[in-house]
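Asks: Have a look; sequence and predicted model below, questions after that.
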Amino acid sequence: MNTLNISLVQSPIIWEDIEANQSMFAGKISGIDIESEVVLLPEMFTTGFSMNAPALAEDMSGSTVRWMKKMAKESNKVIAGSMIALDRGKYYNRFIWMNPDGSFEFYDKKHLFRMANEDASYSSGSNQLIIQYKGWKIRPLICYDLRFPVWSRNKNDRKGSTLSPNYDVLLFVANWPEVRVSAWDVLLRARAMENQAYCIGVNRIGTDGTGKDYIGHSAAIDPKGNYLIKPLHMTEGVYTVSLDKDSLEEYRSKFPQGLDADDFKLTN
């Protein structure tokens, strides 16, 4: 599949109201009238960026996972975003990639935002996830992960002068506040260029229950750092981007910077 269409959903989030957010996002998903294979929702899309994990967490048989399965099946699209998850007695900020057939994969946020006490409320994930989907390799990450380029590094398997990058698309879902949105804009472009991959970031808008304001700036960026979707300032809606595999591989072939990349090994 040479083309991958991803729909970015930029929206307010109703504070700590799981059922209301499910209903609201269901309406947005059902209203998508353009071809797409993936629908990308913001971080903690059913609650907002809440530290009230004991009251809001769900296990993998809970209502949000069931809702994602239902929406993926009905829309025949992947539904992806993060939620507050309870797993073996621990709380996680968990990204879920839900396939139309009901199978799913997940990634637990590695870097927890200590300035909001996320590290005191949630457990950190330690595993990277590469999703294999219709010939594309996709790497999901969550919000504060954006500030850590080593964790998001696109390592290359080298075979002589031939490169085989770990992923083609980098996804970020976020609740990134207005006060630091300039960093969001810059770092999304940097991650695209340094990793020679498409980079897509979905952020929310509105005000959360702690009084923090969000102005969106969801965006899609090609491997050269060019905007395919420019930062969406304060606009609510669904925006679809078409990614082209042939142009990605052509650029990597003409400008094989990965051949000169520094080798390293991550340790937890």
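Replies: Looks like it arrived, so ask away.
Asks: what's the helix ranked longest in the chain packed up against?
Replies: Of all the segments of type helix in the chain, defined by DSSP state H, the longest one is helix 181-195. In terms of contacts (3 or more CB pairs under 8 Å, 6 or more residues apart in numbering; DSSP states H and E), helix 181-195 is packed against strand 169-174, strand 198-203, strand 213-221. Just so you know, the C-beta spots here come from the backbone N, C-alpha and C atoms, and that holds for glycine as well.
Asks: my read: residue 12 touches residue 208, true?
Replies: No - contact between residue 12 and residue 208 fails when scored by CB atoms under 8 Å: they sit 9.1 Å apart.
Asks: Quick check: buried residues in whichever helix or strand residue 120 is part of?
Replies: For residue 120, the host element (DSSP states H and E) is helix 118-121. Residues 118, 121 are the ones in helix 118-121 that count as buried (16 or more other CB atoms under 10 Å).
Asks: low pLDDT regions in the stretch 101-250 of the chain?
Replies: Applying pLDDT under 70 to the stretch 101-250 of the chain flags the ranges 158-162.
Asks: Distance from the chain centre to the longest helix of the chain, please.
Replies: On the basis of CA atoms, centre = their mean, to the nearest Å, helix 181-195 sits 14 Å off its chain's mean C-alpha point.
Asks: Also compute the angle for that helix relative to strand 169-174, please.
Replies: 160 degrees (axes from the mean of the first three to the mean of the last three CA atoms, to 10 degrees).
Asks: circling back to that earlier point, name the stretch among the helices and strands packed on helix 181-195 that sits most buried.
Replies: Of all the helices and strands packed on helix 181-195, strand 198-203 has the most neighbours on average by mean count of other CB atoms under 10 Å, namely a mean of 28.
Asks: Confirm for me that residue 36 is in contact with residue 240.
Replies: Yes - counting by CB under 8 Å, residue 240 is a contact partner of residue 36 at 5.0 Å.
Asks: okay, and the common contacts of these two?
Replies: 5, 6, 7 (CB atoms under 8 Å, 6 or more residues apart in numbering).
Asks: who touches residue 114 in this structure?
Replies: By CB under 8 Å, 6+ apart, residue 114 lies in contact with residue 120.
Asks: And for residue 51?
Replies: 116, 117, 118, 120, 121.
Asks: Closest to residue 19 out of those?
Replies: Of all the contacts of residue 51, residue 19 sits closest to residue 121, with 21.9 Å by CB to CB.
Asks: isn't residue 32 right up against residue 75?
Replies: Yes - counting by CB under 8 Å, residue 32 touches residue 75, with 7.2 Å between them.
Asks: Off-centre distance for stretch 125-138?
Replies: That offset, for stretch 125-138, works out to 11 Å (CA atoms, centre = their mean).
Asks: contacts for it?
Replies: With CB under 8 Å, 6+ apart as the contact definition, stretch 125-138 has outside contacts at 1-2, 4, 37-38, 78, 92, 94-95, 97, 105-110, 139-140, 151, 165-169, 171, 243, 245, 268.
Asks: how about it as CSV, C-alpha atoms only?
Replies: Output of stretch 125-138 as CSV, limited to C-alpha atoms (Å, rounded to 0.1, in the frame of the first residue of the first chain):
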residue,chain,number,x,y,z
GLY,A,125,6.4,2.2,30.1
SER,A,126,9.7,0.7,28.9
ASN,A,127,8.9,-0.9,25.6
GLN,A,128,9.0,0.6,22.1
LEU,A,129,6.3,-0.3,19.6
ILE,A,130,6.6,-0.5,15.9
ILE,A,131,3.2,-1.2,14.2
GLN,A,132,3.2,-3.1,10.9
TYR,A,133,0.2,-1.9,8.9
LYS,A,134,-0.4,-2.4,5.2
GLY,A,135,3.2,-2.2,4.3
TRP,A,136,3.9,0.7,6.6
LYS,A,137,5.9,0.8,9.8
ILE,A,138,4.4,3.2,12.4
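Asks: That concludes my questions; thank you for your assistance.
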